[in-house]
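[1] 3D model of this:
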Amino acid sequence: MRFEKNKAYLVAMTSVAKVDTATAKQFRQAIDEKGNMLTAGQKADLGRAEVSKQKGKLIVKTKKLTVNFTIKRDGSYYTADGTMWLLAKQD
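    Presented below is the predicted three-dimensional model:
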């Protein structure tokens with residue numbers, strides 16, 4: 001996930017197989033009404049994002065979805081389904 005100014009983008013680093021976790025479904029629905037996933041190199045505009053941090057959690061809210069990330073001791077970010085995420089701020 002990449003953040004530019006007040007917007008969030010989901011950027012696919014590699015093509016992924018269809019996974020049926022709640023988080024994956026939420027992302028697929030936010031990206032495409034048909035539930036298609038991005039392929040490598042594609043990006044999806046998630047819209048204006050509000051980011052907040054609370055007790056080891058990072059919460060990203062957009063009109064299309066809300067994602068809760070757990071921040072591990074090593075500084076990595078995970079969603080509830082166990083997926084590790086790379087979050088980047090683009091200035």
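[2] tell me the strands in this protein, going along the chain?
    Secondary structure of the chain by DSSP state E: the strands cover 2-4, 7-11, 43-48, 50-54, 57-61, 66-71, 77-78, 84-85, 88-90.
[3] return the residues in contact with Leu58.
    Neighbour list for Leu58: 51-52, 68-69, 71, 77, 87 [criterion: Cβ atoms under 8 Å, 6 or more residues apart in numbering]. In short, each C-beta sits where N, CA and C put it, glycine included.
[4] spatially central residue in the chain, please.
    Met1 (5.0 Å; Cα atoms, centre = their mean).
[5] among the contacts of Leu58, which one has the most neighbours?
    Phe69 (22 neighbours; other Cβ atoms under 10 Å).
[6] tell me the pLDDT at it?
    If you check Phe69, the pLDDT there is 92.
[7] now do the contacts for it.
    57-60, 77-79, 85, 87.
[8] is it in a bridge, and if so with what?
    Beta bridges link Phe69 to Leu58, judged by DSSP bridges.
[9] what about it, distance to Lys61?
    Here Phe69 is placed at a distance of 12 Å from Lys61 (Cβ to Cβ, to the nearest Å).
[10] picking up where we left off before, quick one: the residue nearest to the centre of the chain and Ala8 touch, right?
    Yes - contact between Met1 and Ala8 holds when scored by Cβ atoms under 8 Å: they sit 6.1 Å apart.
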